[in-house]
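Asks: A predicted structure for the sequence below; I have some questions about it.
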Amino acid sequence: MANHKLPVIIIGSGCTGLALANGFMKAGIPTIVFEKNSALSSSSEREWNMGIHCALPTLLALLPKSSMSELQSTQTDPHTPTKFIDTLSFLNGLMGSILMAQQDPNFHRLRESKLRALLSKDIDIRYNN
């Protein structure tokens, strides 16, 4: 009897699904991502930026070593290096005043489309599903 593994199936090629796919692939577990859209992103989707700090060690553990050095390129401004300590401010949306500010180490401001492009490298994504 042949010894082969069935693939893990992930529904959706968002950042979380693609990060998980990277982790499975890094562990040698075959993975297929099914995406309902015809491409990784579409012009009708809104562009999002996100901050990552507490989850950064987990993300780095899931990424292959070859992708870790490219994380800086997914920042909203890839030419601005990540500060060792950065201040994350929460603003009053009506008044614009600072409600709270906390300092976080290695706070990355990432562009979602760039992060998805990085996470999709070498991943088997089946579109229109």
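Replies: The structure has been received and is ready for your questions.

Asks: which secondary element of the protein has the worst mean pLDDT?
Replies: Ranked by mean pLDDT, DSSP states H and E, the weakest helix or strand in the chain is helix 65-68, scoring a mean of 86.

Asks: which outside residues touch that helix?
Replies: 22, 60, 118-119, 121 (Cβ atoms under 8 Å, 6 or more residues apart in numbering). C-beta coordinates here come from the backbone N, C-alpha and C atoms, glycine included.

Asks: which residues in this protein form strands?
Replies: Here the chain has its strands, by DSSP state E, at 8-11, 31-34, 49-52, 85-91, 98-105, 108-111, 124-126.

Asks: in this structure, which residue is closest to the centre?
Replies: Closest residue to the average C-alpha location of the chain: Cys15 at 4.1 Å, with Cα atoms, centre = their mean.

Asks: Looks like it contacts Ser120 (just checking).
Replies: No. If you go by Cβ atoms under 8 Å, Cys15 and Ser120 don't touch, sitting 10.1 Å apart.

Asks: picking that back up, for the residue nearest to the centre of the chain, what are its contacts?
Replies: 50, 112, 115-116, 119.

Asks: For it, give its distance to Leu59.
Replies: 9 Å (Cβ to Cβ, to the nearest Å).

Asks: Tell me if I'm right that Asp86 and Asp104 touch.
Replies: Yes. Asp86 is within contact range of Asp104, at 5.9 Å (criterion: Cβ under 8 Å).
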